[in-house]
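Peer 1: A predicted structure for the sequence below; I have some questions about it.
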Amino acid sequence: MKADTQTTILNFIDGVFQAGTGETYANYDPATGKPFGEVLAASKSDVDAAVGAARAALKGPWGTLATADRVALLRKLAVAINARFDDFLEAEIRDTGKPRSIASHIDIPRGAANFDVFANQIAVASTETFEMGTPDGGTALNYSIRRPKGVIGVICPWNLPLLLMTWKVAPALACGNTVVVKPSEHTPATATLLGEVMNAVGIPRGVYNVVHGHGKDSAGEFLTTHPDVDAYTFTGETKTGEAIMAAASKGVRPVSLELGGKNAGIVFDDADLEATLEGIGRACFANTGQVCLGTERLFVQRGIYERFLEGFAKKAAGYRFGDPFDEATTMGPLVSAEHIEKVSGYYDKAGRAGAEVIAGGGRPQVAGLEDGYWIEPTIWTGLNRDAAIVTEEIFGPCTHVMPFEEEEEAIAEANASPYGLATSIWTTDLARAHRTAGAIEVGIAWVNSWFLRDLRTPFGGAGQSGIGREGGIHSLEFYSELRNVCIKY
Ligand code: NAD
Ligand code: 6OD
């Protein structure tokens, strides 16, 4: 169990940690439900100062730094995060309640890797050249140069705080932009700690700024309505994405939006049952179901349905709740009091709608941590496709399973959603795998896998799951302004 240390979270503006002049609020430990520190959030004038610092840095040394020098600094950042691995790990576990086994294998390593990946990407990024004939018989050469977009507002959620924040900050800095980050109010720690690392490796002041607070009428809205921010990159709920898009439309600022989902998993009769149970188990329950790519609608072909349900119920019952700092814990709490209220509200709705509970369905008692935000991994069946738990994003460790007969039926069910983030398809028939992956309207279709990431690939959502693609060259496209130079000679 983590020692009962208190923390005070400050803003990081122009290279200096400073108390905000906005609201002050308590930071809660999800495993105990008790406050363990406070956040001194940014006021409108603090956000002004952060944006001003970012603008000054852009016009100053950062804006003129050679790509090779930026690449070297990004690589140093990756090394420096790994050098402080345990500090990041502790901060992330304390804020989110996620088990050490997840944070140490996914969140913190990816936080560092994001800087390496985008250092590599910008180091070899090319642009186009076209030679053309001119009407007077001469020649012109067109080539493109890459310029930073400017000051980028980065607004982040709480489910994978360091991973998702650096996923945006790394390519933004690689392209020569400066950033003002607004982490989730629930998970302010690792973005703040990254400020120390930025200073330690010599990133010029003002390049990376962090402002804390909530969304509406708070730091989030102060940032998204600030006229001197050039573009916004956001990860979070679809409704929030709409508000950010509306704010960004003033001044015609571009947005990259990674939003919610209600992802479908499909298990065919010919799937390798053991591998499927392992993969689908992760897709439904990893990080206590708080992964945007997670599976909350599952369609299982009739021939394997009963055997699958039996194994799946065992999987759900096999998680071990406990102190997130304990290596043996495999299921942490939900992130906040607000979120447990939302998720348990859906558990109640499932009961009222007459769902059959195959596993879980309630809130466990965790010895010594009774006031934490715990909830059981849950499997339901028996509801129609229009039930709230089958259509709305819950963002908890739960899924609804429906049987199907034919491939076309599973595809139609998977596509019956306004969201289109991810799918996970389980089959040993290669032709069927290609057909199904091509037919489901999503940004990512995993076959016989889930959350297997190559950071060079396009990442994003279709429909109400987002706008744009990031990852690899696609991130560079969003975070840079390409200029065509046309030389007639
Ligand atoms: P959220 O939308 O409530 O909050 C995200 C961030 O936006 C927070 O920092 C919040 O303070 C800020 N915010 C809220 N209202 C705002 C406003 N009006 N103006 C400016 N900022 C505002 O999302 P969350 O609860 O933190 O995260 C969970 C959601 O994120 C889920 O819907 C999940 O699917 C989604 N998500 C999507 C992806 C993806 O890649 N598509 C990844 C992770 C999470
Ligand atoms: O792996 C990533 O790059 C990424 N953006 C993951 C998103 C996970 C959603 O919770």
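Peer 2: That came in fine, so what should we check first? Numbering: from 1, shown residues only. Ligands and ions are numbered 1, 2, ... in the order given.
Peer 1: Does ligand 2 have contacts with stretch 400-419?
Peer 2: No - using C-beta under 6 Å from any ligand atom, stretch 400-419 stays clear of ligand 2, with a minimum separation of 13.0 Å. (Each C-beta comes from the backbone N, C-alpha and C, glycine too.)
Peer 1: Just the buried positions in that stretch, please.
Peer 2: His400, Val401, Met402, Pro403, Phe404, Glu407, Ala410, Ile411, Glu413, Ala414, Ser417, Tyr419 (16 or more other C-beta atoms under 10 Å).
Peer 1: go on, stretch 328-345?
Peer 2: Neighbour counts using 16+ other C-beta under 10 Å place Thr329, Thr330, Met331, Gly332, Pro333, Leu334, Val335, Ser336, His339, Ile340, Val343, Ser344 of stretch 328-345 among the buried residues.
Peer 1: Please, which helix or strand holds the residue nearest the centre of the chain?
Peer 2: The centroid of the chain falls nearest to Leu164 when counting by C-alpha atoms, centre = their mean (4.3 Å). Using DSSP states H and E, Leu164 sits within helix 161-174.
Peer 1: Which is the succeeding secondary structure element to that helix?
Peer 2: strand 178-182.
Peer 1: Not counting that following strand itself, show me its contacts.
Peer 2: Identification of contacts with strand 178-182 by C-beta atoms under 8 Å, 6 or more residues apart in numbering yields 47, 50-51, 54-55, 57-58, 62, 148, 150-156, 165, 168-169, 172-173, 191, 206-213, 219-220, 223, 229.
Peer 1: Check stretch 106-121 too.
Peer 2: Identification of contacts with stretch 106-121 by C-beta under 8 Å, 6+ apart yields 70-71, 74-75, 77-79, 81-82, 85, 88-89, 92, 98, 160-163, 165-167, 169-171, 173-174, 190, 455-456, 472-473, 475-476.
Peer 1: does any part of that stretch sit near ligand 2?
Peer 2: No - applying C-beta under 6 Å from any ligand atom, one finds stretch 106-121 separated from ligand 2 by no less than 6.8 Å.
Peer 1: Pull the residues that contact the one helix or strand in the chain whose mean pLDDT sits lowest.
Peer 2: The weakest-scoring helix or strand in the chain, judged by mean pLDDT, DSSP states H and E, is helix 61-64 (a mean of 86). Residues outside helix 61-64 that contact it (C-beta under 8 Å, 6+ apart): Ala57, Pro148, Gly176, Thr178, Pro204, Gly206, Val207.
Peer 1: For it, which residues meet the burial criterion?
Peer 2: Of all the residues in helix 61-64, those buried under the rule 16+ other C-beta under 10 Å are Trp62, Gly63.
Peer 1: So which residues of the stretch 1-150 of the chain form helices?
Peer 2: For the stretch 1-150 of the chain, helices defined by DSSP state H, counting those that start in this stretch occupy the ranges 44-59, 61-64, 67-83, 85-96, 100-102, 108-123.
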